[in-house]
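J.: I would like the atomic coordinates for the input below:
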Amino acid sequence: MPPDDPLDSPVGFDWDDANVEKNWERHRVAFWEAEEVFFNEPLLVHLDAAHSARERRHVAFGHTDSGRFLFIAFTIRNRLVRVISARDMTRKENRIYAHAKT
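T.: Here you go, the predicted structure:
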């Protein structure tokens, strides 16, 4: 990860019921699956400049303990990772992730 790694200082996760429900209803991703991605290697994290007008947002490509490949959009608030969206990677994202693993 780059020197200004957004994941250097967080101490946990911040979830609200609406966001947990939204990710489950729209993408069938449970909150605990999204959290697993942050503990598995490789984890690719990039600034999402296009969506960072109001607050600094990031995207992550990673996998769950069961091998599910997820795309995570997140921000850091009060030293907590706040997942904005979690979904399965697209084919293109999966190719990018696979290439980075080699």
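
J.: that's a helix at residue 92, yeah?
T.: Yes: the assignment for residue 92 by DSSP: H, G, I helix; E, B strand; the rest coil puts it in a helix.

J.: per-residue confidence at it?
T.: For residue 92, the pLDDT comes out at 95.

J.: so what's the residue count around it?
T.: When neighbours are counted by other CB atoms under 10 Å, residue 92 registers 8. Backbone N, C-alpha and C define where each C-beta goes, glycine included.

J.: any idea how far it is from residue 65?
T.: 24 Å (CB to CB, to the nearest Å).

J.: how about residue 28?
T.: Taking CB to CB, one finds residue 28 at 16 Å from residue 65.

J.: repeat for residue 37
T.: Taken as CB to CB, the span from residue 37 to residue 65 is 9 Å.

J.: so which of those two has more stuff around it?
T.: Counted by other CB under 10 Å, residue 37 and residue 65 do not tie: residue 37 has more neighbours, with 23 against 11.

J.: quick one, strands of this structure?
T.: In the chain, the strands defined using DSSP state E lie at 12-13, 44-47, 57-63, 69-77, 80-88.

J.: got these as a markdown table, with distance to residue 96, mean neighbour count and mean pLDDT columns?
T.: Listed next are the strands of the chain as a markdown table, based on distance: least, CB to CB, whole Å; neighbours: other CB atoms under 10 Å; pLDDT from 0 to 100:
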| stretch | distance to residue 96 | mean neighbour count | mean pLDDT |
| --- | --- | --- | --- |
| strand 12-13 | 25 | 12 | 93 |
| strand 44-47 | 8 | 15 | 91 |
| strand 57-63 | 7 | 20 | 95 |
| strand 69-77 | 10 | 19 | 94 |
| strand 80-88 | 14 | 18 | 95 |
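
J.: which of these sits closest to residue 98?
T.: strand 69-77 (8.8 Å; CB to CB).

J.: what residues does the closest one touch?
T.: Residues from elsewhere that reach strand 69-77 (CB atoms under 8 Å, 6 or more residues apart in numbering): 6, 9-10, 14, 29, 33-34, 37-38, 48, 51, 55-64, 81-90, 93-94, 97.
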